[in-house]
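# Sequence and predicted model, in that order:
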Amino acid sequence: MDEQNRNLILASVLCLLVIIVWPFLVPPPEQPVQTQQTQGEVTAPATAPAVVTSGAESATAAPVVDQRTEAARIAIETPELKGSLSLLGGRIDDLSLKSYRTELDEGAEIVKLLKSTSELNAFYADFGWAPGGNLTFDDVPTPDTLWSAETDATLTPDTPVTLTWENGNGLVFNRVISIDENFMFTVAQSVTNTADSTARLAPYSALMRHGEPTTLKNFFIIHEGAMRQTGEELNEYDYDDLQDFNADPRWGANASVTEVTENGWLGFTDHYWMAMLVPQGTQPFTSVLQYNPQRDTYRSEARLPTLDVAAGETATVEMQLFAGAKEWETIRNYENDGGIYNFIDSIDWGWFFFLTKPIFAALHWLNLFIGNMGWSIIALTLLIKALLLPLAYKSYVSMAKMKELQPEMEKLKEAAGDDKEKMQKGMIELYKKNKVNPASGCLPILMQIPIFFSLYKVIFVTIELRHAEWLGWIRDLSAPDPSSILNLFGLLPWGTPEPTSLFFIFSLGVLPIILGISMWLQQKLNPAPTDKTQAMIFAWMPWVFMFMLGSFASGLVLYWIANNLITFTQQYLIMRSQGIKPDVFGNIKSSFKRSAKSGDS
């Protein structure tokens with residue numbers, strides 16, 4: 001078989017195997033469930049397991065829709081966020097992302113991240129104190145506590161808000177909430193003890209999710225669910241994983257508990273958005289992930305160490321809450337400038353993170369310069385091909401020399417006859433004599449496979465590709481080409497199958513068709529194999545790939561088209577430099593002649 005054809009088969013088969021099979025063959029390792037109780041930590045009485053975590057769980061079980069709706073709210077307004085927080089419980093439970101819409105249409109609603117219990121699939125952040133010592137839940141603020149604040153206050157980057165509540169027994173609680181210009185809240189909780197005796201209590205921060213999100217994709221390429229950074233490793237849990245945690249009476253639910261000494265954070269991540277609780281870097285805390293099957297609620301909680309507040313003293317703790325879009329540059333700045341350990345890994349870079357991270361960084365900086373993600377993908381393809389050019393050059397030179405040796409190899413075959421060992425020995429000597437390495441042609445192709453998969457991951461996972469335009473009809477590079485041959489690319493007045501439909505594979509757009517043509521053209525650098533079976537396989541391969549990749553993201557198809565065209569140009573020029581003149585037009589004509597003969601027969 002011709003070396004170029006062999007390499008093309010190798011590339012095609014391995015690319016498909018990597019895309020389809022790899023994630024199933026290498027599942028993420030299971031994480032151990034830790035249920036041991038830390039000595040000295042505040043807990044609720046054993047007879048009240050439903051409120052052990054913080055006193056908040058029991059309140060969220062029964063709807064408090066009317067009460068919470070009627071309670072006063074403080075508006076939240078920043079360049080990126082809008083919403084409100086309720087004075088009932090001081091809960092952050094209404095937050096939308098101003099720069100992102102649910103659909104590509106300009107009239108679509110903006111994305112809503114946090115929701116109150118008056119809405120389906122509620123998702124919100126709670127903060128408070130768990131009682132210890134002689135204190136009870138009546139002595140600390142709960143989700144049903146009505147806080148006081150300035151009624152005309154608005155939470156902005158320039159104006160933090162202060163919530164106040166007194167328990168009537170000598171404890172005064174304050175909660176100062178501030179926010180930056182992006183997605184980070186800072187919640188400073190303080191308690192002042194005006195009583196005569198020491199108060200013992202533990203501060204907590206929690207994210208509560210009622211049921212699985214309606215936007216859940218359940219696609220192997222992206223993690224959606226809980227995340228926990230322990231300072232040593234980052235653990236990811238699907239919602240099914242949380243349901244499978246062991247029942248823990250201490251926390252009143254199925255729970256996994258980990259003690260974090262420093263550099264930890266935890267929360268929930270969706271495809272493009274997330275909410276994460278971030279203690280101060282050196283702050284130890286108890287990291288709790290739990291699922292309550294009776295209420296169908298998922299909870300991420302950071303419980304800080306128990307405090308003993310002496311009479312006349314004030315204790316203050318801080319917690320950060322990230323609630324927003326998973327923008328690479330924003331999250332990177334929180335890691336570099338804000339000191340949040342490994343925060344960039346809240347974006348799911350996958351198993352090829354050593355490639356996906358630099359590939360996206362290069363794509364991001366190219367886009368800053370070019371201003372268009374589609375052209376940036378093409379520029380990235382040129383950059384990758386330039387970096388791989390030395391390997392490609394050796395490969396194509398080796399292939400050119402192999403073609404020069406074809407007459408001598410034919411003589412070897414005739415001389416060896418059926419003696420395969422003699423034939424193999426003769427070929428090795430021939431390669432050594434002419435300094436040809438037949439395996440060198442595979443190396444650039446093998447290098448392309450992880451790069452292709454990494455770009456596939458980048459385009460699917462990163463929010464920067466979401467709703468990113470290229471030109472004309474390509475308005476979302478993270479989605480399939482919306483044009484369709486079934487309605488002559490919009491000229492005929494009927495619709496086409498949805499991308500989620502099985503029949504969408506037949507709804508070929510412009511880009512997939514160009515992809516098939518580019519693969520077909522690349523084949524024509526070499527004559528078709530003389531073997532009829534091989535020739536048939538190669539004749540069908542571009543069109544099979546055209547249908548298979550038609551439902552892939554437009555950005556990925558655009559990359560493959562650019563890669564094919566650049567590869568064609570490189571190979572053509574290198575082969576010419578080695579004295580071999582590819583007869584592209586002749587090979588095209590001969591392929592049509594063979595097709596005509598097949599039809600006549």
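All right, it came through fine.
# need the longest helix for the chain.
Ranked by residue count and defined by DSSP state H, the top helix of the chain is helix 554-577.
# Tell me the gap between that one and the middle of its chain.
For helix 554-577, the distance between its averaged C-alpha position and the chain's averaged C-alpha position is 28 Å (Cα atoms, centre = their mean, to the nearest Å).
# residues of it that come out buried?
When burial is assessed from 16 or more other Cβ atoms under 10 Å, helix 554-577 yields the following buried residues: 554-568, 570-572, 574-575. The C-beta positions use only the backbone N, C-alpha and C, and glycine is treated the same way.
# Just the strands from the stretch 301-450 of the chain, written as ranges.
According to DSSP state E, counting those that start in this stretch, the stretch 301-450 of the chain carries its strands in the segments 307-309, 314-325.
# Any figure for the gap between the residue nearest to residue 457 when sequence neighbours are not counted and residue 356?
Using Cβ to Cβ, 6 or more residues apart in numbering and skipping residues adjacent in sequence, the residue nearest residue 457 is residue 350, 4.7 Å away. Look at residue 350 and residue 356: by Cβ to Cβ, to the nearest Å, they are 6 Å apart.
# Ok, residue 108 next?
29 Å.
# Residue 483 now?
29 Å.
# how does this structure divide up, domain by domain?
Structural domains annotated on the chain: 3-20+358-600, 32-348, as defined by automatic domain parsing.
# follow-up on the earlier one: just the CA atoms of the longest helix of the chain, as PDB, please.
Only the C-alpha atoms of helix 554-577 are listed here, as PDB (Å, rounded to 0.1, in the frame of the first residue of the first chain):
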ATOM      1  CA  SER A 554     -18.200  24.600  13.100                       C
ATOM      2  CA  GLY A 555     -15.000  25.800  14.700                       C
ATOM      3  CA  LEU A 556     -13.600  22.200  14.600                       C
ATOM      4  CA  VAL A 557     -14.700  21.600  11.000                       C
ATOM      5  CA  LEU A 558     -13.100  24.900  10.100                       C
ATOM      6  CA  TYR A 559      -9.800  23.800  11.800                       C
ATOM      7  CA  TRP A 560      -9.800  20.500   9.900                       C
ATOM      8  CA  ILE A 561     -10.500  22.300   6.500                       C
ATOM      9  CA  ALA A 562      -7.600  24.700   7.200                       C
ATOM     10  CA  ASN A 563      -5.400  21.800   8.300                       C
ATOM     11  CA  ASN A 564      -6.200  19.800   5.100                       C
ATOM     12  CA  LEU A 565      -5.500  22.700   2.800                       C
ATOM     13  CA  ILE A 566      -2.200  23.600   4.500                       C
ATOM     14  CA  THR A 567      -1.100  20.000   4.600                       C
ATOM     15  CA  PHE A 568      -1.900  19.700   0.900                       C
ATOM     16  CA  THR A 569       0.200  22.800   0.100                       C
ATOM     17  CA  GLN A 570       3.100  21.700   2.300                       C
ATOM     18  CA  GLN A 571       3.200  18.200   0.800                       C
ATOM     19  CA  TYR A 572       2.900  19.400  -2.700                       C
ATOM     20  CA  LEU A 573       5.800  21.900  -2.300                       C
ATOM     21  CA  ILE A 574       8.100  19.500  -0.400                       C
ATOM     22  CA  MET A 575       7.500  16.700  -3.000                       C
ATOM     23  CA  ARG A 576       8.300  19.100  -5.800                       C
ATOM     24  CA  SER A 577      11.500  20.100  -3.900                       C
END
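# Averaged pLDDT, it. What do you get?
What helix 554-577 shows for mean pLDDT is 89.
# same question, stretch 430-441
72.
# Distance-wise, check residue 414 relative to residue 334.
Here residue 414 is placed at a distance of 70 Å from residue 334 (Cβ to Cβ).
# My error: substitute residue 546 in the last question.
When Cβ to Cβ is applied, the distance between residue 546 and residue 334 equals 42 Å.
# now do residue 299
With the distance defined as Cβ to Cβ, residue 299 ends up 23 Å from residue 334.
# what do you get for residue 315?
26 Å.
# Spatially nearest residue to residue 525 (excluding sequence neighbours)?
Nearest-residue entry for residue 525: residue 582, 4.6 Å, with adjacent residues in sequence omitted and distances by Cβ to Cβ, 6+ apart.
# Name the helix or strand of the chain that has the lowest mean pLDDT.
helix 57-61 (a mean of 34; mean pLDDT, DSSP states H and E).
# quick one: the strands in the stretch 101-250 of the chain?
Read by DSSP E, counting those that start in this stretch, the stretch 101-250 of the chain holds these strands, from start to end of the chain: 110-114, 123-131, 154-155, 161-166, 171-179, 184-193, 199-210, 225-229, 234-237, 247-248.
# Okay, now the sheet partners of the longest one, with direction.
According to DSSP bridges, strand 199-210 forms sheet pairs with strand 123-131 (antiparallel), strand 297-303 (antiparallel), strand 307-309 (antiparallel).
# for the stretch 501-601 of the chain, what are the low-confidence residue spans?
Segments of the stretch 501-601 of the chain classed as low confidence (criterion: pLDDT under 70) are 501-505, 526-531, 534-535, 591-601.
# redo that, cut-off 90
In the predicted model of the stretch 501-601 of the chain, residues 501-510, 519-553, 567-568, 570-601 satisfy pLDDT under 90.
# and what of the stretch 251-400 of the chain?
In the prediction, the stretch 251-400 of the chain carries residues with pLDDT under 90 at positions 251-253, 281, 350-352, 387-400.
# could you pull out the helices for it?
Secondary structure of the stretch 251-400 of the chain, counting by DSSP state H, counting those that start in this stretch: helices at 328-336, 353-370, 373-387, 389-404.
# Could you list the buried residues of stretch 181-190?
By neighbour count, with 16+ other Cβ under 10 Å as the criterion, the buried positions of stretch 181-190 are 182-185, 187-190.
# ok, now stretch 348-356?
Residues of stretch 348-356 classed as buried: 348-350, 352, 355-356 (neighbour count, 16+ other Cβ under 10 Å).
# Dump the residues you listed to TSV, plus distance to residue 400.
Formatted as TSV, those follow (distance: Cβ to Cβ, whole Å):
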residue	distance to residue 400
348	42
349	38
350	37
352	32
355	30
356	34
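# farthest pair in those?
The two members of those with the most space between them (Cβ to Cβ) are 348 and 355, at 14.0 Å.
# circling back: residue 315 and residue 334: which has the busier surroundings?
residue 334 (22 against 16; other Cβ atoms under 10 Å).
# And that one, how far from residue 327?
In this structure, residue 334 and residue 327 are 10 Å apart, going by Cβ to Cβ.
# list the contacts for the residue nearest to residue 525?
524-526, 571-572, 575-576 (Cβ atoms under 8 Å, 6 or more residues apart in numbering).
# for residue 111, same thing?
Contact analysis of residue 111 by Cβ under 8 Å, 6+ apart lists 96-97, 100-102, 273.
# Tell me which residue lies farthest from the centre of the chain.
residue 415 (57.7 Å; Cα atoms, centre = their mean).
# Need the pLDDT of it.
78.
# For it, which non-adjacent residue is spatially closest?
Nearest non-adjacent residue to residue 415 (Cβ to Cβ, 6+ apart): residue 426, at 7.4 Å.
# Next, count neighbours for that neighbour.
Using other Cβ under 10 Å, residue 426 has 18 neighbouring residues.
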